[in-house]
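Trainee: Sequence and predicted structure below; questions after.
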Amino acid sequence: MARNGCAISNHRTARLTPGDILDKYRGTLYTLMVVTVLMIAWYFAAKCIQNTLLLPYLQETVKEFFTAWIDYRIMSNLALTLRRVFTGFTYAFLIGIPLGLLMGYSQTALQSISPIINSVRQVPIMAWVPLSIIWFGLGDGPTVFLIAMSAVFPLVINTISGVHGIDPNYYNAARSMGASLPNIIRDIVIPGALPSILTGCRLAMGFGWMSVICAEFIATSAGFGFLMVEAQVRMETAQLYALMFMSGLVGFVIDKGFLTVEKKLTAWRYKDGVIGS
Amino acid sequence: MALLEVEAITKIFTRKKKPAHIVLENMSFTVERGQYVSLLGPSGCGKTTLLTMLGGFLTPDAGHIILAGQKVEKPGPDRGFVFQNYALFPWMTVRDNILYSLQVKKFSKQEQNERLQELLEISQLHGSENKYPVQLSGGMQQRVAVVRALASRPEILLLDEPLGAVDFQMRELLQEELAALVEGAKTTVVMVTHDVSESVYLSDRVIVMSGYKGQIVKDVYIDLDRPRDRQSEGFKAYVAELTGLVRQAFREKTGEMESVMSLAVPDTDYNSPATFTDAYNRMNSRYTNDVSYSRAVK
């Protein structure tokens, strides 16, 4: 009996009250309320305008949105686009992180490379399209290149600022404890710059996802961006709307994923191991 | 032979478009094994520069530093350095912070664990070894910093204003903790401080440095029993004597920096005790560029 009672009281202290749950999801709840208001506004606006080419009916768009997730053609194109994004991101990561670490750590490297980086990144990403088609032809090549191109700069810049943000005394402390240069890179530079690097990853992924859709408008005949152009040409505006919402949602989910990884990997920044809040 | 020999060292900072600043000139002293020595003086007197050179982060322009027969040229695990802000690696647990010097030297797991247990014992940090620095109180962080510096069994422990960032109430408590910790480790210590009472409480010997080229004003041995009683007459007498010496050193410093100080405290009578303390504290807070080692990286 006594053991039982104890178990129950433990259970009670762990259980969330309705108030706690409300507090936890308050933000989500508010967002849903705003979305509902916007949808109601849309519903009536579409009724007033009566032109489905400009503003499709809400119910039709919602239908398109949900059927899209079970549509084989849309899903395979989405998968293709996602694969391109991850490939491009991987290239950007493999180039951007070592370059950023080098430029952050060595003043000479920073001074010699940063003017080049800072001028190359001023070229609008779409201005690379013609050249990338000349280089890689049509298909995966130019899209992957454009993703890597737009993702590499936030990675480099955030990695540099991450390395610069490391307290100089961490280097001194490590050296006074006998650390060699490889030790310092592994134990001080990389973990010290990690929060910034992960922020760079989030930005890079966002830029990559944005530029892939644009790239697919022009440089390929497949992919999520291509589907959008197709929907526009066929004057299926409701589907175009649905695809746009999907691209926003997918980008949001990827970003949330990165945020979770970031908090896991840098748990040492949070008191009492409390992650999130 | 003394454990640490500082022989006629000179350090000059050259600055852009300004005359070169002689921080230390021809300074010599020795420290015996087991001694707890404080370097006391106004900010800008070169005491931190001196400690930074003992640590090997800066090299003297003339003269040399010899520790246990070896010339000090670069940082190394024979000297344990405790930084003003502790510089604990926030991404490592207490355990990994403490054992860092053993890990880079690839000590066996067993040796590491044995050393960890000893260090946790003297720092009373049992149960916190898997926490991250952010989860610790200021006092616990200080103890981690000290035992981390002790882990490699250094010849000497170098403390740079270890309680500089701690508020007044906390300070005395942490001084007691530090005294117990250092006594338990039976190590030689050189500590930089600008707190007179702190230097008397902790040290066997206090070297008072003047603001002018870091000359040694006086070398005072503190002949009091431990643990020390801050209320005792002997303690107060030492504090009074050293305060007088620092005041004198400070005046020499202000002579040099007259123009700067006249901006900060106009029409101040540096001889009156109240304004002295005020101006002295002000100076210490103004010249935080004392931490010259922080840029001596790379």
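Mentor: Received the coordinates, thanks.
Trainee: and A:Thr260, how many neighbours?
Mentor: 12 (other C-beta atoms under 10 Å in any protein chain shown). Yep, even glycine has a C-beta here, placed from its N, CA and C like the rest.
Trainee: Look up the pLDDT of it for me, please.
Mentor: Looking at A:Thr260, its pLDDT reads 90.
Trainee: For it, give its distance to A:Ile254.
Mentor: Applying C-beta to C-beta, to the nearest Å, the value for A:Thr260 to A:Ile254 is 11 Å.
Trainee: tell me which parts of chain B are close to chain A?
Mentor: Counting by C-beta under 8 Å from any C-beta of the partner chain, the residues of chain B close to chain A are B:55-57, B:74-77, B:79-81, B:83, B:85, B:87, B:89-92, B:100-101, B:104-105, B:132-135, B:148-149, B:151-152, B:293-298.
Trainee: 6 Å instead?
Mentor: B:57, B:75, B:77, B:81, B:83, B:87, B:90-91, B:100-101, B:104-105, B:132, B:134-135, B:294, B:297 (C-beta under 6 Å from any C-beta of the partner chain).
Trainee: Do a quick rundown of the strands in the stretch 151-298 of chain B.
Mentor: Along the stretch 151-298 of chain B, the segments classed as strands by DSSP state E, counting those that start in this stretch run B:156-160, B:188-193, B:205-209, B:216-221.
Trainee: List the pairing partners of the first one within its sheet, with orientation.
Mentor: Spelled out, that is strand B:156-160. strand B:79-82 (parallel), strand B:188-193 (parallel) (DSSP bridges).
Trainee: Of all these, which one comes closest to A:Leu181?
Mentor: strand B:79-82 (18.8 Å; C-beta to C-beta).
Trainee: Redo the strands of the stretch 151-298 of chain B as CSV? Include mean neighbour count.
Mentor: Shown next, in CSV, are the strands of the stretch 151-298 of chain B (neighbours: other C-beta atoms under 10 Å in any protein chain shown):
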stretch, mean neighbour count
strand B:156-160, 24
strand B:188-193, 25
strand B:205-209, 24
strand B:216-221, 15
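Trainee: Ranked by average pLDDT, which of those strands falls at the bottom?
Mentor: Among the strands of the stretch 151-298 of chain B, strand B:216-221 scores lowest, with a mean of 88.
Trainee: Neighbouring strands - and their directions - for that one?
Mentor: Strand pairing (DSSP bridges) places strand B:216-221 next to strand B:205-209 (antiparallel).
Trainee: What are the contacting residues of the partner strand?
Mentor: Applying C-beta atoms under 6 Å, 6 or more residues apart in numbering or on different chains, the external contacts of strand B:205-209 come out as B:35, B:37-41, B:45, B:47, B:199, B:216-221, B:245.
Trainee: Quick check: next helix or strand after the worst-scoring helix or strand of chain A on mean pLDDT?
Mentor: Lowest mean confidence among the helices and strands of chain A (mean pLDDT, DSSP states H and E): helix A:2-14, at a mean of 43. Next along the chain after helix A:2-14, taking DSSP states H and E as the criterion, comes helix A:18-24.
Trainee: Just the buried residues of the following helix or strand past that following helix, please?
Mentor: Counting by DSSP H and E, the next helix or strand C-terminal to helix A:18-24 is helix A:26-49. Neighbour-count burial for helix A:26-49, counted by 16 or more other C-beta atoms under 10 Å in any protein chain shown, picks out A:42, A:46.
Trainee: hey, C-alpha coordinates of the next helix or strand after helix A:26-49 in PDB?
Mentor: Per DSSP H and E, the first helix or strand lying C-terminal to helix A:26-49 is helix A:58-68. What follows is helix A:58-68, C-alpha atoms only, in PDB (Å, rounded to 0.1, in the frame of the first residue of the first chain):
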ATOM      1  CA  LEU A  58      -9.800  28.900 -50.100                       C
ATOM      2  CA  GLN A  59     -11.500  25.500 -50.000                       C
ATOM      3  CA  GLU A  60     -10.000  24.600 -53.400                       C
ATOM      4  CA  THR A  61      -6.500  25.600 -52.400                       C
ATOM      5  CA  VAL A  62      -6.800  23.600 -49.100                       C
ATOM      6  CA  LYS A  63      -7.900  20.600 -51.200                       C
ATOM      7  CA  GLU A  64      -5.000  21.000 -53.500                       C
ATOM      8  CA  PHE A  65      -2.700  21.400 -50.600                       C
ATOM      9  CA  PHE A  66      -3.700  18.200 -48.900                       C
ATOM     10  CA  THR A  67      -3.900  16.100 -52.100                       C
ATOM     11  CA  ALA A  68      -0.500  17.300 -53.000                       C
END
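Trainee: what's in contact with helix A:58-68?
Mentor: So helix A:58-68 is contacted by A:42-43, A:74, A:238-239, A:241-242, A:245 (C-beta under 6 Å, 6+ apart).
Trainee: What is the nearest of the residues you listed to chain B?
Mentor: Nearest to chain B out of the contacts of helix A:58-68 is A:Phe245 (C-beta to the nearest C-beta; 39.0 Å).
Trainee: Assign a three-state SS to the closest one, would you?
Mentor: Following DSSP: H, G, I helix; E, B strand; the rest coil, the label given to A:Phe245 is helix.
Trainee: low-scoring stretches of the stretch 101-250 of chain A, by residue?
Mentor: Regions of the stretch 101-250 of chain A meeting the criterion pLDDT under 70 are absent.
Trainee: go on, the stretch 151-298 of chain B?
Mentor: In the stretch 151-298 of chain B (pLDDT under 70), the answer is B:165, B:252-298.
Trainee: Tell me how far the residue lying closest to B:Gly46 once chain neighbours are set aside lies from chain A.
Mentor: Once flanking residues are discounted, B:Gly46 sits nearest to B:Gly214: 3.6 Å by C-beta to C-beta, 6 or more residues apart in numbering or on different chains. According to C-beta to the nearest C-beta, to the nearest Å, B:Gly214 stands 21 Å off from chain A.
Trainee: Tell me if I'm right that B:Gly214 and B:His21 touch.
Mentor: No - under the criterion of C-beta atoms under 6 Å, B:Gly214 is not in contact with B:His21, lying 11.1 Å apart.
Trainee: So for these two, which residue has more residues nearby?
Mentor: B:Gly214 (25 against 14).
Trainee: mind listing the helices for the stretch 51-200 of chain A?
Mentor: Secondary structure of the stretch 51-200 of chain A by DSSP state H, counting those that start in this stretch: the helices cover A:58-68, A:72-105, A:107-120, A:129-136, A:140-164, A:168-176, A:181-184, A:190-219.
Trainee: okay, those in CSV with mean neighbour count and distance to B:Gln70 next?
Mentor: Converted to CSV, the helices of the stretch 51-200 of chain A look like this (neighbours: other C-beta atoms under 10 Å in any protein chain shown; distance: least, C-beta to C-beta, whole Å):
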stretch, mean neighbour count, distance to B:Gln70
helix A:58-68, 17, 73
helix A:72-105, 19, 29
helix A:107-120, 12, 31
helix A:129-136, 15, 59
helix A:140-164, 24, 33
helix A:168-176, 23, 15
helix A:181-184, 14, 22
helix A:190-219, 22, 31
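Trainee: which residues of the stretch 1-150 of chain B score low on pLDDT?
Mentor: For the stretch 1-150 of chain B, no range has pLDDT under 70.
Trainee: interface residues of chain A facing chain B?
Mentor: So chain A meets chain B at A:168-173, A:175-179, A:183, A:191, A:268, A:271 (C-beta under 6 Å from any C-beta).
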